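Asks: Prediction below, plus the sequence it came from.
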Amino acid sequence: MKGVFLAVADGISAAFGLVSRLMVLILIASMLYEVVARYALGAPTLWAFDVAYMSTGVLFVLGAAQALREDAHVRIDFLSSRLPARLRGWIDGVAFLLVLCPIFTKLAMVAGGRAWRAYLTQEVETVSPWAPLMWPFYSALTIGLGALALQLAAEGIRALTTPRQDDAFKLEA
């Protein structure tokens, strides 16, 4: 059961990691188009700013679970690196499962409610001349936060149940 849960969480994180990579391409393409349209053609777009902030937000949130899966988040571990590996695993497991996972689950639920209200009211971006619908953006944020909560649970379970080697003074290549 544990192995299935961990595999599902890892698979979801990896899939959304790929989607976040695609969002980088959308961001780059939209910014290149805006630069050419504005400076070469003298015709700036109405939508470039909105696409930029939405794609940036989505790529960061959708990529967060994959970054956690790969242990790529920034971590200040000057104290924990001196602790035994088993104790570090226990601290990580408790922090992930009992602190961070509930927080991100609640954030995903709040974001889901916001996305649903935006869908029902057909909310648009009010400060944008393009005025895009907001529910797709809010929905993507909800999905990313949910995936991060799921990966936090998976990493918490791993930290509590998987023996770790003592890598306190290991140098990475």
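Replies: Cool, got the structure. For clarity, every value in this text was computed on a predicted model and none was experimentally measured.

Asks: next SSE after the helix of greatest length in the chain?
Replies: Longest helix of the chain, by residue count under DSSP state H: helix 2-35. The first helix or strand that comes after helix 2-35 along the chain, using DSSP states H and E, is helix 48-69.

Asks: ok, back up a step: so which bits of the longest helix of the chain are buried?
Replies: 6, 9-10, 12-13, 16-17, 19-20, 23, 26-27, 30, 34 (16 or more other Cβ atoms under 10 Å). In this view, the C-beta of every residue, glycine as well, is placed from N, C-alpha and C.

Asks: Kindly export the helix or strand of the chain with the lowest mean pLDDT (C-alpha atoms) in PDB.
Replies: The helix or strand of the chain with the poorest confidence is helix 85-94; it has a mean of 93 (mean pLDDT, DSSP states H and E). Coordinates of each C-alpha in helix 85-94 appear next as PDB, following Å, rounded to 0.1, in the frame of the first residue of the first chain:
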ATOM      1  CA  ALA A  85      20.500  10.600   9.700                       C
ATOM      2  CA  ARG A  86      17.700   8.800  11.600                       C
ATOM      3  CA  LEU A  87      16.900  11.900  13.600                       C
ATOM      4  CA  ARG A  88      17.000  14.100  10.500                       C
ATOM      5  CA  GLY A  89      14.600  11.700   8.900                       C
ATOM      6  CA  TRP A  90      12.200  11.800  11.800                       C
ATOM      7  CA  ILE A  91      12.300  15.600  12.000                       C
ATOM      8  CA  ASP A  92      11.700  15.800   8.200                       C
ATOM      9  CA  GLY A  93       8.900  13.200   8.400                       C
ATOM     10  CA  VAL A  94       7.100  15.000  11.200                       C
END
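
Asks: which other helices and strands contact it?
Replies: If you count contacts as 3 or more Cβ pairs under 8 Å, 6 or more residues apart in numbering; DSSP states H and E, helix 85-94 packs onto helix 135-161.

Asks: what does the average pLDDT come to for the helix it packs on?
Replies: The average pLDDT for helix 135-161 rounds to 97.

Asks: between it and helix 85-94, how many degrees?
Replies: Counting by axes from the mean of the first three to the mean of the last three Cα atoms, to 10 degrees, helix 135-161 lies at 150 degrees to helix 85-94.
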